[in-house]
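**Student:** The sequence and its predicted three-dimensional model are supplied below.
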Amino acid sequence: MKSELQKLLSQSLQQLNISKEYFDINISIPDEKTNGDFSSTLSMQLVKELQKKPREIAQEIIDNIPQNSFISSVEIAGPGFLNFFVKKSFYADSLKKLEQKKENIGKTNRLKGKTFISEHTDPNLFKEVHVGHVMTNAIGESFYRLAKFAGANAKNVTFQGDVGMHIAKALWGIKNMGEIFPEEQTPYEKQKFLGRCYVFGEKNFSNSSSAKKEILEINKKVYSREDEKQNAIYDMGCKWSLEYLESIYKILGSKFDHLFLESTTFTDGVRIVEENISPKGKKVFEKSDGAIIFKGSDLGLHDRVFINSENLPTYEAKDIGLFYAKWEKYNPDYSLTITGGDQKEYFEIVREAAGKIKSEWKEKTFHRAHGILKMKSGKMSSRTGNIIRAQEWIEDARNNVLYSINEREKNVIPDDIKNETAQKIAIAAIKYSILKVSSGKDITYDEKVALDFTGNTGPYLQYSYVRALSLLEKSEYSETDEISEYSLDISSFEKKLHEFDDILEASLLSLSSHHLANYLYEIASEFNSFYAHTKILDITNADYYYNLALVSVFKNIMKNGLWCLGIDIVEKM
RNA sequence: GGCUGCAUAGUUCAAUGGAUAGAACAACCCCCUCCUAAGGGGUAGAUUCUGGUUCGAUUCCAGAUGCGGCUACCA
């Protein structure tokens, strides 16, 4: 609806010999309905260019708006705001159009024919999956889904660390910690065992020079695979880790199109780095103190080691290999990577180096860094001391939800799906708390939200959906019913429903899913207010069919909007 | 030290340079003989400081203060 007005204004501007792309024309939706259905600051922005007073410009724009449009009137307000009022019949027509999109509501062709990769989660084998991974996952998954909605050939991928120092530390831990292999245990217990071994190895690496020496030896043999005995343990650990990762991806709701492994990218990474050392090849990398580095300091960044003096690749070289692998496999138009904020500078340097090897690697790569997730209570995981495991976090939340369900007066959730529902609600609470904040900032997670999820929370959105669903089931309404003009003023609830497409687009283009999250909260809040003040199922109401069309469109938007955030809907709660 | 990010109610967060800075939680007060009260309504409460640019600044620029991040062989 907004773009239709933008196009109208663009036509008017053409009459005034001003060319402006329609999507660059500023349109907002005022809070006060006396300020119109839509408002623009266009005339104020053109003051310099036209050397006229804003109210004069506003009048000229109005005079050149084509006749018989969907605009019923325009007012000039304050310093020169243009306030547009839209015909009621246009709202009725537009609502019906939205209704007819049904489950495709929000889907566009904006990125049709483009390949969009979203890389996220990026766990290491032999290490714990913690809350930070959940953050990366929630953010990356939502961009993957938004790209899919925009019609892109979207690919969801992750990059798993199965070679490198962390592996060597864990292997050393397995050897020296003296714990019995948990062969008969669950994948989660096996993963925790590996995590403990890693922590043990890491500790000794820092404190004992003999351990450090041994770990460096192990590291070499991980790459060379010359030690049969070590290979057997390593392969077993990899198998355990990968099994566990599969299960946590499932819990989080991510299906990956491809799992990149460091062990399969580092060879190409090393080769490409070596091909680009000065003086042979392009002068991208150079030798320094026995290592091969990229001199980021020439670009105002800092220097980084790509191949260390042991002649082994660091993460930097593996990442170069990943660039190569992504382009070999997908040849993307957009390649997005989500990481923690601490890797911001690191990533920028690798991207610069990659760009010097192949310019499109840099140009088509985008990076989004998020902040740290802190617990409001300051509580840390009791057993490990400094990390909170993703799985523990989710299980705690789920148990809290289950507790709430059982405490409730009205229990509408059938016993056989109680656990599954609680899980979906818990994931919604967690993911939404991450996604409603603009990414890049640290997030403070309040543990209470899982127990007390009123207000701006994921479960509130799920509940709003359930209410809408329940209304529709009890109504006489069907999607084919005709609707006539609304008898009352057009509500801000209805106006907001028309913004869905714009919000999805803005969220993707600015890589900020919080716009979508906050939008869904706004429409849910408006819907609940509408619900409380309107007898929607009263068939004698003049607006009976219109109101149910609103509910139906709301329901479809909520379902698809939540899907784009990676949040499952529930049917009863 | 160098580079860099952040600063908004008691708390956690919003606000493409635009109209009276929005919410949620916590506090206080109302509302289930109507569709799920996991809901709705109301009261009170905020832009770190000092300058500058602008018709207009939470937003842009400069400085101050406070808190983070990165800064060579980890990821």
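**Tutor:** Cool, the structure landed. As the structure is a computational prediction, the values presented were derived from the model and not from experiment.
**Student:** and the residue of the stretch 451-573 of chain A found nearest RNA strand B, what does it touch?
**Tutor:** As assessed by CB to the nearest atom of the strand, RNA strand B sits closest to residue A:455 within the stretch 451-573 of chain A, at 2.2 Å. Quick note: C-beta positions are derived from backbone N, CA and C, even for glycine. For residue A:455, the contact set (CB atoms under 8 Å, 6 or more residues apart in numbering) is empty.
**Student:** Could you list the low-confidence segments of chain A?
**Tutor:** Residues of chain A that meet the criterion pLDDT under 70 lie in A:279-282, A:377-386, A:450.
**Student:** one more time with 50
**Tutor:** A:380-385 (pLDDT under 50).
**Student:** where along it do the strands fall?
**Tutor:** A:38-40, A:71-77, A:81-86, A:115-119, A:153-160, A:258-261, A:285-288, A:291-294, A:304-307, A:334-340, A:365-370, A:373-375, A:443-445 (DSSP state E).
**Student:** The second one close to RNA strand B?
**Tutor:** Think strand A:71-77. Yes: using CB under 7 Å from any atom of the strand, strand A:71-77 reaches RNA strand B at residue A:77.
**Student:** Give me the contacts around that strand.
**Tutor:** A:5, A:8, A:35-36, A:43, A:55, A:58-59, A:62, A:65, A:82-87.
**Student:** Identify, from these, the entry nearest to RNA strand B.
**Tutor:** residue A:35 (4.0 Å).
**Student:** The closest one - how many residues pack around it?
**Tutor:** 18 (other CB atoms under 10 Å).
**Student:** And for residue A:341?
**Tutor:** 15.
**Student:** Check residue A:329 too.
**Tutor:** 14.
**Student:** just how off-centre is stretch A:173-185 within its chain?
**Tutor:** 37 Å (CA atoms, centre = their mean, to the nearest Å).
**Student:** which residues touch that stretch?
**Tutor:** So stretch A:173-185 is contacted by A:189-190, A:193-194, A:196-201, A:204, A:211, A:233, A:237 (CB under 8 Å, 6+ apart).
**Student:** now do stretch A:241-259
**Tutor:** A:121, A:123, A:125-126, A:129, A:134, A:137-138, A:141, A:155-158, A:160, A:162, A:187-188, A:190-191, A:194, A:329, A:390-391, A:394, A:423, A:427, A:566, A:568.
**Student:** Same question for stretch A:190-200.
**Tutor:** Against stretch A:190-200 from outside (CB under 8 Å, 6+ apart): A:125-129, A:166, A:169-174, A:176-177, A:179, A:181-182, A:185, A:237, A:240-241, A:243-244, A:384, A:389.
**Student:** Buried subset of those, written for ChimeraX?
**Tutor:** Buried residues within the contacts of stretch A:190-200, by 16 or more other CB atoms under 10 Å, are selected in ChimeraX with:
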select /A:125,126,127,128,129,166,169,170,171,172,173,174,237,240,241,244,384,389
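**Student:** So which of the contacts of stretch A:190-200 reach RNA strand B?
**Tutor:** Okay, of the contacts of stretch A:190-200 touching RNA strand B (CB under 7 Å from any atom of the strand), that's residue A:166.
**Student:** In helices only, show me the contacts of stretch A:190-200.
**Tutor:** A:166, A:169-174, A:176-177, A:237, A:240-241, A:243-244 (DSSP state H).
**Student:** Pick the one among the residues you listed closest to RNA strand B.
**Tutor:** Closest to RNA strand B, out of all of the ones in helices among the contacts of stretch A:190-200 and judged by CB to the nearest atom of the strand, is residue A:166, at 5.2 Å.
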